[in-house]
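Q: sequence unavailable; structure follows:
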């Protein structure tokens, strides 16, 4: 008790439980001498200490026999306290779910056991932990041992595994961190490994991702943003930028998109994909979404003439917002408080969300459509949408992903694909918008292909509301160059 800094939380909790149980039993016996509880209390206390320190379910993974994640939380602080240098490999077997579906869980379990056995042979007694269903960690205490282990693990997962009747590929993503003890604590190390695995390229093969100064700085940058997120949400420090969408046929604005922005006091503007992903991961996206939605609604309320000119504002909704039970009613409440028409709103749903059917998702979309809020299917062409999903979603607007423009629209095959998508959407009664338009040639090509609405830097970059108001005061501007000058 007098040397608490030398022990972990589990050990200290066990000691305190031992003391409390012993004290309570001794106190009861002092009052009621007929009850001999002191010895009983000592036995219970000793059992608590033993079970806490040596609980096999905490130390050893029951399936594979390697160390369990519970022991990792104790082991790493011990190594750091001793000043021990160590390097770590994380092995993520991302095909495990497919194996379980195709061959059954028993085959998947056997493969995990085989993997653990192979890793034990490779590491020759180094520490191996199973931290998730499909993830293992291997710790090496020297650079030479780390390099040797890394090479042999790569070879292991590049070789098919035998499941009896056939050989199957069982690829993995392998992430490596050298000098992992420098990452302060266990949670920081695991967060860095998670950051590295997100850098995995699109590949069906076993891949290796190792830390470098660039990845480490990227991770530390993200951690600083993560720390700032709490302050930004509590103090409502986010901004909304607006980017107009343009009618290339008629030469005027038809609507605009609201985009979240965040400025860090020392890091400057934070890329939206970073802070939005962090908000989703940390359970802050619902609160952030409602803060921004209120800000957009206040903008509409104070710019009724503008809203009558452009018609509506497009607002992105994250998957977690769409899947939250009753979220549509929460948005309706905000709209009704400010007495705004529902027709001024258009909610964007990404193609990825639309392809993953959910009863709650379609219930939320139905709620929006019933009150007259339009739905825009965003990033179409970036994933695996089908005609059936387009029909089921009943979207009013189809927004072509910027990859259509980036890959080029001037080849015969490309033009056939894009023109048919535009024609198909038109037949379904959907308005088509093309994202990522950056020059006059692309704008002219869109008209030829039958797409009359565009969004991109050629027309205007996202801008704060003051700059957007100044741009609109110029009226209907028909040329991209003039628009860009107005937005600067």
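A: On my side now, so go ahead. Source: prediction; values computed, not measured.

Q: flag the shaky bits of the stretch 201-350 of the chain, pLDDT-wise.
A: Scanning the stretch 201-350 of the chain for pLDDT under 70 picks out nothing.

Q: show me where the stretch 1-150 of the chain has its helices.
A: Along the stretch 1-150 of the chain, the segments classed as helices by DSSP state H, counting those that start in this stretch run 9-31, 38-54, 56-59, 69-82, 96-103, 105-123, 143-157.

Q: how about the last one: buried residues?
A: By neighbour count with 16 or more other C-beta atoms under 10 Å, helix 143-157 contains the buried residues 145-146, 149-150, 153, 156-157. Where you see a C-beta, it was placed from the backbone N, CA and C, and this is true even at glycine.

Q: burial count for the closest residue to residue 96 other than its chain neighbours?
A: Once flanking residues are discounted, residue 96 sits nearest to residue 134: 4.3 Å by C-beta to C-beta, 6 or more residues apart in numbering. Neighbour count of residue 134, defined by other C-beta atoms under 10 Å: 19.

Q: my read: residue 134 touches residue 98, true?
A: No. If you go by C-beta atoms under 8 Å, residue 134 and residue 98 don't touch, sitting 10.9 Å apart.

Q: quick one: contacts for residue 360?
A: 322-325 (C-beta atoms under 8 Å, 6 or more residues apart in numbering).

Q: now with 10 Å?
A: Contacts for residue 360 (C-beta atoms under 10 Å, 6 or more residues apart in numbering) come out as 322-327.

Q: state the helix or strand in which it lies.
A: Residue 360 is located in helix 359-370, with elements delineated by DSSP states H and E.

Q: okay, buried residues for that helix please.
A: Buried-residue list, helix 359-370, by 16+ other C-beta under 10 Å: 361, 364-365, 367-368.

Q: any of the contacts of residue 360 buried? List them.
A: Using 16+ other C-beta under 10 Å, the buried ones in the contacts of residue 360 are 322-324, 327.

Q: Throw those residues into CSV and include secondary structure and distance to residue 120, thanks.
A: Listed next are these as CSV, based on DSSP: H, G, I helix; E, B strand; the rest coil; distance: C-beta to C-beta, whole Å:
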residue, secondary structure, distance to residue 120
322, helix, 45
323, helix, 41
324, coil, 44
327, helix, 48
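
Q: nearest to residue 455 among those?
A: residue 322 (21.8 Å; C-beta to C-beta).

Q: distance of the closest one from residue 359?
A: Separation of residue 322 from residue 359 (C-beta to C-beta, to the nearest Å) stands at 12 Å.

Q: tell me the phi and psi of residue 249?
A: phi -90, psi -40 (degrees, to the nearest 10).

Q: skip the chain neighbours and tell me the closest residue to it.
A: Residue 249 sits nearest to residue 452 (C-beta to C-beta, 6+ apart), 4.1 Å away.

Q: what is the neighbour count of the one you found?
A: Residues near residue 452, counting by other C-beta under 10 Å: 18.
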